[in-house]
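> take this sequence and fold it.
(6 chains)
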There are 6 protein chains.
Amino acid sequence: MKLSARNLFKGKVTELKQGAVNSVVKVDIGGGNVITSMVTLGAVEDLGIGVGDEVTVVIKSSDVMLAK
Amino acid sequence: MKLSARNLFKGKVTELKQGAVNSVVKVDIGGGNVITSMVTLGAVEDLGIGVGDEVTVVIKSSDVMLAK
Amino acid sequence: MKLSARNLFKGKVTELKQGAVNSVVKVDIGGGNVITSMVTLGAVEDLGIGVGDEVTVVIKSSDVMLAK
Amino acid sequence: MKLSARNLFKGKVTELKQGAVNSVVKVDIGGGNVITSMVTLGAVEDLGIGVGDEVTVVIKSSDVMLAK
Amino acid sequence: MKLSARNLFKGKVTELKQGAVNSVVKVDIGGGNVITSMVTLGAVEDLGIGVGDEVTVVIKSSDVMLAK
Amino acid sequence: MKLSARNLFKGKVTELKQGAVNSVVKVDIGGGNVITSMVTLGAVEDLGIGVGDEVTVVIKSSDVMLAK
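Numbers count the residues shown, from 1 in each chain, chains lettered A, B, ... in the order given. Have a look, this model is predicted:
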């Protein structure tokens, strides 16, 4: 299955903080870049995400801004 | 000025494709990762973005999904 | 591969309109509901999306609003 | 009042989980499809959303991805 | 009908630029603030939006960032 | 540093409510308009945002809907 989202980066979970309905997950994608993701607690439980796991970060192009 | 967006990655513009009102900008952020961004044509013109320019990619955490 | 996005709906492409950098894709997900998606032209070409194709619609929960 | 959002689906609230500032609301839109929405706690209180209520799900086209 | 989106601002359309599938609409919401919106061409046609029209701008809280 | 986001509005923080991982921040941008923002708790702490602070609201055009 391929995704229309143009941004897929493989990485390793380095931090996980859970709230009541949301979770913050930090993923090291290499090159010194760590991406912070806010997903539902249900998603973290359903995918069984834990620190050290290999995951893929997915970002839609229209959600990416630029600064110069 | 600091941004609330948790994801800021420095990179170099590798490709630029302009439509009537939107533009696709590809940015190499290192580590073998290239991010695709869809921003308004007005933004590209206002910031004077061209291939080879150094820019910063900005992504809000709530726009980052995960796959496992 | 499982996605953190909580909304995955299978459907059939009923309409496709291409712009210079973006494309509008309409997908019938059953129950009388047709979802309109705006994705990059690159995504449509990369996934080889055409009218009649079976696709899966993916939506992050934080992008879903309610009205009452 | 009409909305620019192209995706409006009527449904019934089947589940409601409240956090400190956000709420997860599940809405059955028919055809076997249940949509998960993350909205502010303030929105749930302001609209008076409860299980069994009829609501309309609203999604902007640019927030809809595809997989194939 | 009330919306879960916490940000609703009344204003007047001051500019409209149409692409192949998207449109840029600028709306003066008072206080010296003009909001730029990117919506589908279909939405502009369906709502019959033109320069000078009174419209309501709608923004989900999770799409609002801060800088300081 | 300039941002591709087309919507930047200066304002004053009027309310702040913190959850476990997210925070709701209300900002008065003048003209009788108050914008509600949902950002991570980490962002509020990192930027040191408090009631009465002057901040800039940042919104990407593709996240702005219209109603008429």
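> ok, residue A:62 touching residue D:60?
No. Taking contact to mean CB atoms under 8 Å, the distance of 9.7 Å between residue A:62 and residue D:60 leaves them out of contact. For the C-beta atoms, the positions are set from N, CA and C on the backbone; glycine is no exception.
> anything in contact with each of the two?
residue F:62 (CB atoms under 8 Å, 6 or more residues apart in numbering or on different chains).
> ok so residue A:37 is a strand residue?
Yes. According to DSSP: H, G, I helix; E, B strand; the rest coil, residue A:37 belongs to a strand.
> for the closest residue to it other than its chain neighbours, the count of nearby residues, please.
Nearest in space to residue A:37, with sequence neighbours left out and distances taken as CB to CB, 6 or more residues apart in numbering or on different chains, is residue B:64 at 3.8 Å. When neighbours are counted by other CB atoms under 10 Å in any protein chain shown, residue B:64 registers 25.
> what's stretch A:29-36 in contact with?
Where contact means CB under 8 Å, 6+ apart, the residues beyond stretch A:29-36 that reach it are A:9-11, A:14, A:24-28, A:57, B:6-7, B:9, B:29-33, B:59, B:61, B:64, F:40, F:42.
> do that again at 6 Å, thanks
For stretch A:29-36, the external contacting residues (CB atoms under 6 Å, 6 or more residues apart in numbering or on different chains) are A:9, A:11, A:26-28, A:57, B:6-7, B:9, B:29-31, B:33, B:61, B:64.
> narrow those to those that are buried.
With burial judged by 16 or more other CB atoms under 10 Å in any protein chain shown, the buried subset of those is A:9, A:11, A:26-27, A:57, B:6-7, B:9, B:29, B:33, B:61, B:64.
> CA atoms of stretch A:47-65 as CSV?
This file holds the C-alpha atoms of stretch A:47-65, laid out as CSV (Å, rounded to 0.1, in the frame of the first residue of the first chain):
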residue,chain,number,x,y,z
LEU,A,47,0.2,0.4,17.0
GLY,A,48,1.9,-0.7,20.2
ILE,A,49,4.4,2.2,20.0
GLY,A,50,7.2,2.2,22.6
VAL,A,51,10.6,3.9,23.1
GLY,A,52,13.2,2.2,20.8
ASP,A,53,10.6,1.1,18.2
GLU,A,54,11.2,1.7,14.5
VAL,A,55,8.4,3.7,13.0
THR,A,56,7.7,5.7,9.9
VAL,A,57,6.8,9.4,10.2
VAL,A,58,4.1,10.5,7.7
ILE,A,59,3.5,14.1,6.8
LYS,A,60,1.2,15.6,4.1
SER,A,61,2.9,18.2,1.9
SER,A,62,0.2,20.8,2.5
ASP,A,63,1.1,20.7,6.3
VAL,A,64,4.7,21.7,5.7
MET,A,65,5.6,25.4,5.9
